[in-house]
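Engineer: okay, sequence plus prediction incoming.
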Amino acid sequence: MQSNKTSGGKTVVFFDLEATGLETWRCEIIQLAAISGERTFNVYTMPKIAIDRGAAEVTGFSVRDGALLLQGTAVPTVTLTEALTSFLDFLQSLEQPVLLVAHGARRFDQPVLDRALLKCSLTRQFQQLGSRYLDTFLLSKALYPSIRSYSQVNLVRHFLGKIYNAHNALEDVRALQELYSCWDPSEGTLNRCTL
């Protein structure tokens, strides 16, 4: 079983978003996944804006006839508010405090999640959790300054010797949890990469 605690006692929750594009000020969440130890969370939402062509090619998501499709197969969706409320419930069910960990959190996951929480009037409930963000992109650069590429796919290949189904949020968080567990960063290094 994967450890889900930092040496400082925070519960580590790996999370990832798939979205309609990369523009953090306008993209919408279409998949939100998280994992902490053996506990997982995964939900899909129907976007109100079109999925960018590049995002569709990378993630395999599309919308047709009012359904969200993943690799051509319909997936069940909930509203964004329902997705975020369920995510907050998932976080509240874990031992507090929680450290939310994402690869690229600073440039993408945090601003997109924060904007979605604000849009759904859930910012206060999120802030009450006292959660902080850890960016494993920054962490990997701090721990291993001589690696050629800090993409999650490359890091998983380099440290774990495997390839996985990248750009599926649930597979991304599973791979990130495994990757993080082999690094064993110090609390000081974690603090320097926490947002």
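Structural biologist: Yep, it's here.
Engineer: report the contact partners of the residue sitting furthest away from the middle of the chain.
Structural biologist: Distance from the centre of the chain peaks at residue 65, with 27.8 Å (C-alpha atoms, centre = their mean). By C-beta atoms under 8 Å, 6 or more residues apart in numbering, the contact list for residue 65 is empty. Heads up, the C-betas are built off the backbone N, CA and C, glycines and all.
Engineer: read off the pLDDT value for it.
Structural biologist: We have a pLDDT of 95 for residue 65.
Engineer: measure it to residue 74 for me?
Structural biologist: 9 Å (C-beta to C-beta, to the nearest Å).
Engineer: try residue 138
Structural biologist: 37 Å.
Engineer: so those two - more neighbours on which side?
Structural biologist: Set residue 138 next to residue 74 and count neighbours by other C-beta atoms under 10 Å: residue 138 wins out with 20 against 13.
Engineer: shaky segments in the protein?
Structural biologist: Counting by pLDDT under 70, the chain has low-confidence residues at 1-3, 7.
Engineer: which parts of it are strands?
Structural biologist: 11-19, 29-36, 39-44, 61-64, 67-70, 73-74, 98-102, 132-135 (DSSP state E).
Engineer: of all those, which one is nearest residue 181?
Structural biologist: Of all the strands of the chain, strand 11-19 sits nearest to residue 181, with 9.4 Å by C-beta to C-beta.
Engineer: how far off centre is that closest one?
Structural biologist: Its chain's C-alpha centre and that of strand 11-19 lie 2 Å apart, by C-alpha atoms, centre = their mean, to the nearest Å.
Engineer: can you name every helix or strand that it contacts?
Structural biologist: Applying 3 or more C-beta pairs under 8 Å, 6 or more residues apart in numbering; DSSP states H and E, one finds that strand 11-19 contacts strand 29-36, helix 53-59, strand 98-102, helix 110-119, helix 169-183.
Engineer: which secondary structure elements does the second one contact?
Structural biologist: The one in question is helix 53-59. By 3+ C-beta pairs under 8 Å, 6+ apart, helix 53-59 packs against strand 11-19.
Engineer: format the CA atom coordinates belonging to the strand it packs on as PDB.
Structural biologist: The C-alpha coordinates for strand 11-19 follow below in PDB (Å, rounded to 0.1, in the frame of the first residue of the first chain):
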ATOM      1  CA  THR A  11      -2.400  13.500   4.100                       C
ATOM      2  CA  VAL A  12      -1.200  13.500   0.500                       C
ATOM      3  CA  VAL A  13      -3.800  13.600  -2.200                       C
ATOM      4  CA  PHE A  14      -2.700  13.400  -5.800                       C
ATOM      5  CA  PHE A  15      -5.100  15.100  -8.100                       C
ATOM      6  CA  ASP A  16      -5.400  15.900 -11.800                       C
ATOM      7  CA  LEU A  17      -7.700  17.700 -14.200                       C
ATOM      8  CA  GLU A  18      -8.500  17.200 -17.800                       C
ATOM      9  CA  ALA A  19      -9.900  20.300 -19.400                       C
END
